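Undergrad: output the structure for:
(2 chains)
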Protein chains: 2
Amino acid sequence: MRVFIAGIDGYLGWALAQYLTARGHEVAGTDRFLRRAWVEEMGSASAIPVYSMEERLRAFEEHYGKPLNFREGDLLDYPFLRGYLEEFQPDAIVHLGEMPSAPYSMIDQEHSVFTQHNNVIGSLNLLWAMREVCPDAHLVKLGTMGEYGTPNVDIPEGFFEVEYRGRKDRLPFPRQAGSFYHWSKVHDSGNTMFACRIWGLRSTDIMQGVVFGTRIDEMGDDPRLRSRLDFDQCFGTAINRFCCQAAIGHPLTVYGRGGQTRGFLPLRDSMQCLTIAIENPPERGEYRVFNQFEECYTIEGLAEKTREAGAAIGLDVQIEHYENPRTEMDEHYYNPDREHLIRLGYKPTHDVVAEMKIMLKDLLEHREHLLKYKDILVPDIRWDGSRRRSQVIASEAAVK
Amino acid sequence: MRVFIAGIDGYLGWALAQYLTARGHEVAGTDRFLRRAWVEEMGSASAIPVYSMEERLRAFEEHYGKPLNFREGDLLDYPFLRGYLEEFQPDAIVHLGEMPSAPYSMIDQEHSVFTQHNNVIGSLNLLWAMREVCPDAHLVKLGTMGEYGTPNVDIPEGFFEVEYRGRKDRLPFPRQAGSFYHWSKVHDSGNTMFACRIWGLRSTDIMQGVVFGTRIDEMGDDPRLRSRLDFDQCFGTAINRFCCQAAIGHPLTVYGRGGQTRGFLPLRDSMQCLTIAIENPPERGEYRVFNQFEECYTIEGLAEKTREAGAAIGLDVQIEHYENPRTEMDEHYYNPDREHLIRLGYKPTHDVVAEMKIMLKDLLEHREHLLKYKDILVPDIRWDGSRRRSQVIASEAAVK
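TA: Next comes the predicted model:
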């Protein structure tokens, strides 16, 4: 199949380009390298060194025996986007071209507006371009499990049957996102659902859990093919952050009580799931939602697993509870479905600690590099719009 | 109270500035005059002549005995917005500063992107400005009943208690909007609900029905104080369009079977309701939703009422069914609540035909002016992204 990847230079995009190419798909993609700039803005850098796109493309051609169809560009540039899609004529479009950080979107007015503008308008442009030049293509759109928030009922996959005052309907499941970033994804979901209904586009909207991991097998040992991995407060997600902290002996930064429960999945599972979605497209006009994660864990539980994985390779991992910079419940009910992907053949990895050991080994190679960033590991972006570094919550009593 | 009106030059804004001032409130406001430009872009004009803001302000001061605090500006201009609010220190902010047309948002990529950018980013700026300079103010935000779409169950006011798989929660009622404009309002609702939760802002989110009417009593007979009234396919809402069509002997343009059911309210009821919301603010941190309409009617039923009102003053009103340019159900269940406003003292007018008679008399005065626009009364903006003028559906059989 011909697959177009928006955001092909990113954590998922670069891995997916390789994973799909290795499976025989024809891949093209675009990126504006904003992720590189944002991480630099945070005073951070990728834990795994990232090569320039020129070097990445050279390695790609050497390794996979054909060039990668890449053009630098922006989804906000409609003529560029429309022209590229018209030329490439994709069967599937994987939309990874969004600003992906909750804290980044909460910094101030400017970052908040940037996030919603970039994500909502970029995605809206994509819908219009599809309608105009490739209406038969399948849009695999990356949403997030965070769109749902933490309701006190089970979380279905996008829709639920409700009985209300004696009448029944199948309705979109209500979204209660927890940051302006997460809301931008909710907005995209609404626009996409609508475009499928009125224009007969087809889309799989992926409510993805938190991804972790330093590699997929396809990357082999060529450092130019490796994925980036972020660990700063904005672009580093929980397990990735914990493993980087463990690698340099910094205490793991658990926010609040650590009872926050989320769905997680290794990078290799994300590749597997996205490919299943791509290779099993919905009908024209269908908008379907997949919840995509391997399993749900509490943050505290993941910190314990990181300690276990560290101990196995001789690391003494400390865990500290910090004031939670976010406005969120740190203990709550959480029970999301994830049946659609299983039904289509997804085999969850189910071994977080084994994945963490691979990560820790990969990251220890870059210990000196990581140590340069040890002062930015404690969060300071607050949900109330202020900027104050979180303090360690002193006593066990205060934590529980 | 000190009330700030965003969009003070518009259909509702100009009327509200007068209504509130007459009740003794202190009003300030801003506008960028985009509504005037959009209507011109549609090849149309207000049915009731609109005066320049200079002339309006002069009449305002003459009539109400004090100047209106007005500055031209844009909600997209954050420093302007923040500065004006910081200076005025409003108790309430009424947000009417959005692009309000469904068809306009469906014209093409450019209009669609303009709509969502203008509405989502303007509203997001307003939330940030409130947080920074007037966090205690009450945001009265104009949403639309169209955010809900037409579900097969009753429509509550924003939230509903659900039982799902044996557990219960109070959740936002799912939104299924019918145009990119309506979705922009859904996006705003999500952002506003979130800002109230994390920043303790307070907001009343008004899901307003379709407003109609040429005047409120406060305007008296000074033509400089009168409201605009649009009748083109983008900015003319159903009853306003029908009355203009009736005034010049053009057949009423019912879309499809005309079984579409919506909530409607006269301009005077809208003023009454908005004022009730303003004068009864919610607590800090509260986000409440009011469904605001007088009664639900089918489009076909309103056409019949327009005929009745016309007959009473000697007009022979024809009704024609046209191909529906929109993708929507033209027969469906519809049963929204509107208890919150009633509980706070809203007294619905309950006499659509009497209001229509006032409108027809007002509009007949401008018959010659209206006749200039008789060729733009049949819609041509289709929801499929094309532009084709709707044809009359010939036979009664095809209609039913």
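
Undergrad: rest of the way, CA atoms for contacts and neighbours
TA: OK.

Undergrad: contact residues of the stretch 151-300 of chain A facing chain B?
TA: A:151-154, A:162-165, A:167-169, A:171-180, A:183, A:186-187, A:190-191, A:194, A:198-199 (Cα under 8 Å from any Cα of the partner chain).

Undergrad: repeat that for the stretch 1-150 of chain A.
TA: Contact residues (Cα under 8 Å from any Cα) of the stretch 1-150 of chain A with chain B: A:Q109, A:V113, A:Q116, A:H117, A:I121, A:L124, A:N125, A:W128.

Undergrad: nearest to A:F70 among these?
TA: A:N125 (19.1 Å; Cα to Cα).

Undergrad: how about the closest one, what does it touch?
TA: Residues in contact with A:N125 (Cα atoms under 8 Å, 6 or more residues apart in numbering or on different chains) are A:L75, A:L76, A:Y78, A:L81, B:Q109, B:V113.

Undergrad: mark which of the residues of the stretch 1-150 of chain A next to chain B are part of helices, please.
TA: Mapping the residues of the stretch 1-150 of chain A next to chain B onto helices (DSSP state H) picks out A:Q109, A:V113, A:Q116, A:L124, A:N125, A:W128.

Undergrad: which residues touch the third one?
TA: Right, the one you point to is A:Q116. For A:Q116, the contacting residues are A:F180, A:Y181, A:S184, B:I121, by Cα under 8 Å, 6+ apart.

Undergrad: adding pLDDT, write the residues of the stretch 1-150 of chain A next to chain B out as CSV.
TA: What follows is the residues of the stretch 1-150 of chain A next to chain B, written out as CSV (pLDDT from 0 to 100):
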residue, pLDDT
A:Q109, 98
A:V113, 98
A:Q116, 98
A:H117, 98
A:I121, 98
A:L124, 98
A:N125, 98
A:W128, 98
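
Undergrad: please, a PyMOL command that selects the buried ones among the residues you listed?
TA: To isolate the buried members of the residues of the stretch 1-150 of chain A next to chain B in PyMOL, using 16 or more other Cα atoms under 10 Å in any protein chain shown:
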select buried, chain A and resi 109+113+116+117+121+124+125+128
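
Undergrad: take the residues of the stretch 1-150 of chain A next to chain B and lay them out in JSON lines including distance to A:P348.
TA: Output for the residues of the stretch 1-150 of chain A next to chain B, formatted as JSON lines (distance: Cα to Cα, whole Å):
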{"residue": "A:Q109", "distance to A:P348": "39"}
{"residue": "A:V113", "distance to A:P348": "37"}
{"residue": "A:Q116", "distance to A:P348": "32"}
{"residue": "A:H117", "distance to A:P348": "35"}
{"residue": "A:I121", "distance to A:P348": "34"}
{"residue": "A:L124", "distance to A:P348": "32"}
{"residue": "A:N125", "distance to A:P348": "34"}
{"residue": "A:W128", "distance to A:P348": "35"}
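
Undergrad: nearest to A:L57 among the residues of the stretch 1-150 of chain A next to chain B?
TA: Closest to A:L57, out of all of the residues of the stretch 1-150 of chain A next to chain B and judged by Cα to Cα, is A:N125, at 26.7 Å.

Undergrad: phi, psi for A:F70 please.
TA: Main-chain dihedrals, A:F70, degrees, to the nearest 10: phi -130, psi 140.

Undergrad: tell me, how many residues neighbour A:G24?
TA: A:G24 is flanked by 12 other residues according to other Cα atoms under 10 Å in any protein chain shown.

Undergrad: ranges for the helices of the stretch 251-400 of chain A?
TA: Here the stretch 251-400 of chain A has its helices, by DSSP state H, counting those that start in this stretch, at A:267-279, A:299-312, A:339-343, A:352-364, A:367-371, A:396-399.

Undergrad: show me what from the stretch 301-400 of chain A comes close to chain B.
TA: By the rule Cα under 8 Å from any Cα, the part of the stretch 301-400 of chain A lying against chain B is A:T327, A:W383, A:D384.

Undergrad: out of those residues, who's the most crowded?
TA: A:W383 (23 neighbours).

Undergrad: so how far is B:D31 from it?
TA: Distance from A:W383 to B:D31, counting by Cα to Cα, to the nearest Å: 31 Å.

Undergrad: same thing with A:L252?
TA: 51 Å.

Undergrad: over to A:F4?
TA: Counting by Cα to Cα, the gap from A:F4 to B:D31 is 42 Å.

Undergrad: more neighbours, these two?
TA: A:F4 (28 against 22).

Undergrad: quickly list what the more buried one is bridged to.
TA: A:A28, A:I93 (DSSP bridges).

Undergrad: picking up where we left off before, nearest to A:L229, of the residues of the stretch 301-400 of chain A next to chain B?
TA: Looking across those and measuring by Cα to Cα, the closest to A:L229 is A:W383, at 24.3 Å.

Undergrad: show me what contacts that closest one?
TA: The contact partners of A:W383, by Cα under 8 Å, 6+ apart, come to A:P103, A:M106, A:I107, A:P325, A:R326, A:T327, B:I198.

Undergrad: just to check, the last one is in contact with A:D384?
TA: In other words, B:I198. Yes - using Cα atoms under 8 Å, B:I198 is in contact with A:D384, at 6.6 Å.

Undergrad: which neighbours do these two share?
TA: Joint contacts of B:I198 and A:D384 (Cα under 8 Å, 6+ apart) are A:T327.

Undergrad: let's have the helices of the stretch 251-400 of chain A in TSV, adding mean neighbour count, distance to A:G143 and mean pLDDT.
TA: Shown next, in TSV, are the helices of the stretch 251-400 of chain A (neighbours: other Cα atoms under 10 Å in any protein chain shown; distance: least, Cα to Cα, whole Å; pLDDT from 0 to 100):
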stretch	mean neighbour count	distance to A:G143	mean pLDDT
helix A:267-279	21	12	98
helix A:299-312	20	21	98
helix A:339-343	14	15	98
helix A:352-364	19	23	97
helix A:367-371	16	30	98
helix A:396-399	10	32	53
